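Enquirer: coordinates for the following, if possible.
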Amino acid sequence: MASPAEPPVTTQVIVAGFDGSVSAGSLAGFLEYMDIGQVWRCRVKTSWTPPGSYPDFLLPAPSPLRSTPSPSCRRAPPHAFVHFALPQAVRRATDAAARSELLLHGRPLRIAAATASCRGRTNPFRFPDAGLEVGTLSSPDTFLVAWRGPDQGLQFSVDPFDPCCRLVFARDTAFVLPPSRSNYGNGKASVVMRCDVKLEFPVRDVAEVRVYRSDCALLVRLSASPLVHYRTADGDDIHTPVPVDFDLPDDDDPWIRTGDFTRSGAIGRCWVYRIKISPRRLMKMDRALAYLEQQGVAIMECGSCYSGLPLTVRAEHPDFFCCVQEAEGLTFPVLFLVNVLVHKGIINQHQLTPEFLGLLRGSRDDDDNVAALKDFWGDKLPVFDACRRLTKALDRVSPKLLGRGMDACHNHTVGVRRLVITPTRAYCLPPEEELSNRLLRHYHHVADRFLRVTFMDEAMEPLNNNSLNFYAAPILRELMSDSFKEKTTVQMRVRTVMTKGFQMCGRKYSLLAFSPNQLRDRSAWFFAEDGNTTVESIRGWMGRFTCRNVAKHAARMGQCFSSSYATVTVQPHEVNENLADVERNGYTFSDGIGKIVPDLAMEVAQRLQLTADPPPSAYQIRFGGYKGVIAVWQGDSDDGIRLSLRPSMKKFDSHHNVIEVLAWTRFQPGFLNRQIIVLLSSMGVSDAVFWRMQKSMVGNLEKIFTDSEVALETITRSCSPENANKAARMLSAGFSPRTEPHLRAMLSAIRSAQLHDLREKSRIFVPKGRWLIGCLDELGILKYGQCFIRASAPWLDPCFVKHGPKIIVGTVVVAKNPCYHPGDVRILEAVDVPELRHLVDCLVFPQNGYR
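Expert: Residues are numbered from 1 along each chain as shown. You can find the predicted model right below:
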């Protein structure tokens, strides 16, 4: 790989401004005639994706649906990608074009330099005229072909610079035109264009490579589907004046993301690629394999000359599909887990034989089947004898032990099934125990019909903007008035799922709702109607949402999906919904803050099984259509009001009357994050301060395996008690991480988690910091610029440490979460107010002041 110190350079320019009669050869000759520099390759391009269209790989080419539209809908202003021999030619070309010195047929050329790269001399291993077959292994030595690549023109490459592998070939593709351009009303019209298609997968997704030298073939097994791209190549004119003995970089022509282009869905569901290479390039293949092995890829020599049996290759039976939609006699939980195993690649669809399904039907009950199928989940390699493996798993299941020990954790948790949708396929994920929410508790009888759907890129990477949208080449944006952002087929796939739903395991799932946090994670809740319970009836039960703003409307509905603990039911006559807000100068000082009486707060703590004395001083809650924080304040014993809520807490109308708790006050260590660091740095805090804090944190984490005192102090001060109490008690009892493996494993997990957060989120531990819940000084004692903090000390267990809460007095820095604006960081004066001492681990703000 090129040295990081090597500056980025480019030898490529993008040329425009010439007419359509100019060929690639004449353009290259003109540039050399003008002493710009020697041209090694010139590619003139006149095609572009028709505006508003999308490729439909299932349409035959040419399409019989409509006659081909006029060529004007598929042509772009002529432009060229020119590669020079030396990077100095790029500067000469751009400077000459800026001075309007390059006149071709009386028209000035417009030239822009391509993206610079640090590639240097790191060239990919290219294998032209390769063969490609995509399929699955039905046994260790039997390969079933689901799709074959073109007979010629396919290029396979292994690129150490990225590092990744690519398969590039050309094919005719039908593009469906929007009605406004098709001149056929609402009918579907198409135009056929020649396109380059690229399959790309990072080296880290290559699980193993089997080498069959007798066939000059590689069998590449992936752990995820490849990224699929295309770009138009209709009528491209390529000119290479002199042959070069090395590989030129790719043209700076944007690749566009798309989905699976095979009719059988082979790219999405099949993760084994058989690549045939010309015998003349075996030495280059060995160098490429050596590079892959250096990257941790398992390389196996196979075939009769080495070890094992020769590979048997045959066509796939056309009746196999990637998802088992229905199977008579199997319930949804069992069918879902079967798809989980297929999607993970543990078993393949060819093993879902009548014998395998018969074993599941003949089982004692669904619990046995679920337990046996879950036993497959831990396998890291494909299982080729699924029937034998399932029989053994069913024999090991003990009906007496099923469900033992699960009742205690099911009070507040629920098993949630997930579906991950990528551009080429979908992954069913097994149910995971998660903290429940309002809807799953109320509709517990149909809880298995709720599904959390997440949209992600291949290999479980985040789906970014470049996957959903594309633009024309930069120089075309200056020439075309309609070269604005276009939608990819990936975005169309997401839109179709969100608007029309999908079928899975015999059920039709439709969009229910999503919360803002889920939207940031590109997730949403879906529901499969059963006739009695529908999506509309669920939304009606959730409440009455009158907000017309789309984002706020979605946020209000998502409030019902907040993970929470259901605690105490409060009757309507015990709730005051009209506690006046404190408003002044257009600001609401009491925004989102309510009150709860001590006896009700104690009941909530008992429902949460909190044994600390005193109980929490404040709770973050959801109550009907209300959300916010309720703090403990003594109420009037005569009016019977136990819960007081303010209008600023109300987001929508709902009849739900259970206090749902999201968080409560307790000891929580304080950390900086990237948002706070950026704001503090912009406000004048020296970077040396953050470096010093980070160095101290890392130094303590490095000592926790060798110094028990440092380990005890580190985990009690930087970890919440529920996460590190066991390790802290073992350390205080005299156990040493040097001699106790379990203690060492716990400390290693804590260390790894904190270092991961430090690297990914810049979470730097603040020894004198605390994470607190904000509330209001209901008595109006605090003045503007003051606050009250009574923070609990780190603790292990009442029998070890009895440090009481400490009142903080002096100057403090307060930052909210999330923290985006400089005003989110404040410097306040912490004071002692005896009337507020019952509030522990709260940050009490004043109600006096200007804002």
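Enquirer: rest of the way, CA atoms for contacts and neighbours
Expert: Will do.
Enquirer: for the spatially most central residue of the chain, grab phi and psi.
Expert: The chain has residue 462 as the residue nearest its centroid, 3.3 Å off, counting by CA atoms, centre = their mean. Backbone torsions for residue 462, taken as degrees, to the nearest 10, come to phi -60, psi 150.
Enquirer: that one contacts residue 456, doesn't it?
Expert: Yes: between residue 462 and residue 456 a contact is recorded at 5.2 Å, counting by CA atoms under 8 Å.
Enquirer: for whichever strand or helix holds residue 499, C-alpha coordinates in CSV please.
Expert: Using DSSP states H and E, residue 499 maps to helix 489-500. The C-alpha trace of helix 489-500 is given here as CSV (Å, rounded to 0.1, in the frame of the first residue of the first chain):
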residue,chain,number,x,y,z
THR,A,489,-33.1,1.6,-7.0
VAL,A,490,-31.9,1.1,-3.4
GLN,A,491,-34.1,4.0,-2.3
MET,A,492,-37.0,2.7,-4.4
ARG,A,493,-36.6,-0.6,-2.6
VAL,A,494,-36.8,1.2,0.8
ARG,A,495,-39.8,3.2,-0.3
THR,A,496,-41.6,0.2,-1.6
VAL,A,497,-41.2,-1.7,1.7
MET,A,498,-42.3,1.3,3.7
THR,A,499,-45.4,2.1,1.6
LYS,A,500,-46.5,-1.4,0.4
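Enquirer: show residues contacting it.
Expert: 54-55, 257-259, 423, 455, 467-469, 510-511 (CA atoms under 8 Å, 6 or more residues apart in numbering).
Enquirer: could you rerun that using 6 Å?
Expert: By CA atoms under 6 Å, 6 or more residues apart in numbering, the surrounding residues in contact with helix 489-500 are 258, 423, 468, 511.
Enquirer: so how far is stretch 496-516 off the chain centroid?
Expert: 19 Å (CA atoms, centre = their mean, to the nearest Å).
Enquirer: quick check: mean pLDDT across it?
Expert: Average pLDDT, stretch 496-516: 92.
Enquirer: quick one: end-to-end distance for that stretch.
Expert: End-to-end span of stretch 496-516 (CA to CA, to the nearest Å): 20 Å.
Enquirer: which residue is most remote from the mean position of this structure?
Expert: residue 638 (53.2 Å).
Enquirer: helix, strand, or coil at it?
Expert: coil (DSSP: H, G, I helix; E, B strand; the rest coil).
Enquirer: could we number from 497 for the rest of this?
Expert: Got it, the first residue is 497 from now on, which makes the last one we talked about residue 1134.
Enquirer: so where do the strands sit in the stretch 947-1096 of the chain?
Expert: Residue ranges of the strands in the stretch 947-1096 of the chain, as given by DSSP state E, counting those that start in this stretch, are 965-966, 982-983, 998-1000, 1003-1009, 1019-1024, 1061-1065, 1071-1072, 1079-1080, 1083-1084, 1089-1092.
Enquirer: to residue 1157, which of those lies closest?
Expert: The closest of the strands of the stretch 947-1096 of the chain to residue 1157 is strand 1061-1065. By CA to CA, the value is 5.1 Å.
Enquirer: what packs against the closest one?
Expert: Secondary-structure packing of strand 1061-1065 (3 or more CA pairs under 6 Å, 6 or more residues apart in numbering; DSSP states H and E): strand 1154-1160.
Enquirer: partner strands of the strand it packs on, with direction?
Expert: Strand pairing for strand 1154-1160, determined by DSSP bridges: strand 1061-1065 (antiparallel), strand 1114-1119 (antiparallel).
Enquirer: for it, what is the distance to the chain centroid?
Expert: Centre-to-centre, strand 1154-1160 and its host chain are 28 Å apart (CA atoms, centre = their mean).
Enquirer: you'd agree residue 927 is in a strand?
Expert: Yes: counting by three-state DSSP, residue 927 is found in a strand.
Enquirer: and it, how far is that from residue 870?
Expert: Separation of residue 927 from residue 870 (CA to CA): 10 Å.
Enquirer: same check, this time on residue 646
Expert: Counting by CA to CA - residue 646 and residue 870 are separated by 40 Å.
Enquirer: which ones are touching residue 1290?
Expert: 1212-1213.
Enquirer: next, residue 707: phi, psi?
Expert: The phi and psi values for residue 707, taken as degrees, to the nearest 10, are phi -110, psi 120.
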